[in-house]
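1. Provided below are the primary sequence and the corresponding predicted coordinates.
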Amino acid sequence: MEVINLREDFIKLGQALKAAGFAENGVDAKYMIQDGEVKVNGEVETRRGRKLYDGDIVSFEGNEIKIVK
């Protein structure tokens, strides 16, 4: 599980995917999200700008990202 430490109050979903290395760039992240391949807290999320806060879990292809403050 990848862990992303927040510097601000939140991070956007697309940015989190890039920071964890799941997406090479914003365009890749956009398509992964739009295609319904990404889940936030167990539910499919299709908004690239979804704000992630402390405790959120992002899942993609069996990998997870945990957001911590």
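-> Done, it's in. All values derive from a computational prediction rather than experimental measurement.
2. all contacts plus neighbour counts: C-alpha atoms, from now on.
-> Fine.
3. residues contacting Val58?
-> With contact set as Cα atoms under 8 Å, 6 or more residues apart in numbering, Val58 has these partners: 38-42, 64-66.
4. among these, who's most crowded?
-> Val38 (24 neighbours; other Cα atoms under 10 Å).
5. Tell me if I'm right that that residue and Met32 touch.
-> Yes: judged on Cα atoms under 8 Å, Val38 makes contact with Met32 at a distance of 6.7 Å.
6. Give me the spatial nearest neighbour of Ile4, chain neighbours excluded.
-> Spatial nearest neighbour of Ile4, excluding adjacent residues (Cα to Cα, 6 or more residues apart in numbering): Ile67 at 5.1 Å.
7. Please identify the helix or strand for that neighbour.
-> strand 63-68 (DSSP states H and E).
8. what about Glu61, neighbour count?
-> For Glu61, using other Cα under 10 Å, the count is 9.
9. again with Leu13
-> 24.
10. State the distance from it to Val44.
-> For Leu13, the distance to Val44 equals 12 Å [Cα to Cα, to the nearest Å].
11. Tell me where the protein has strands.
-> 2-5, 11-12, 38-40, 43-44, 51-52, 57-60, 63-68 (DSSP state E).
12. Kindly list the longest helix within the chain.
-> Counting by DSSP state H, the longest helix found in the chain is helix 26-34.
13. And for it, what's in contact with it?
-> 14-15, 17-18, 22-23, 38, 45-48.
14. Can you tell me which one of these sits lowest on pLDDT?
-> Ranked by pLDDT, those bottom out at Arg48 (90).
15. For that one, list the residues it contacts.
-> So, once contact is read as Cα under 8 Å, 6+ apart, Arg48 ends up touching 12-14, 29-30, 33-34.
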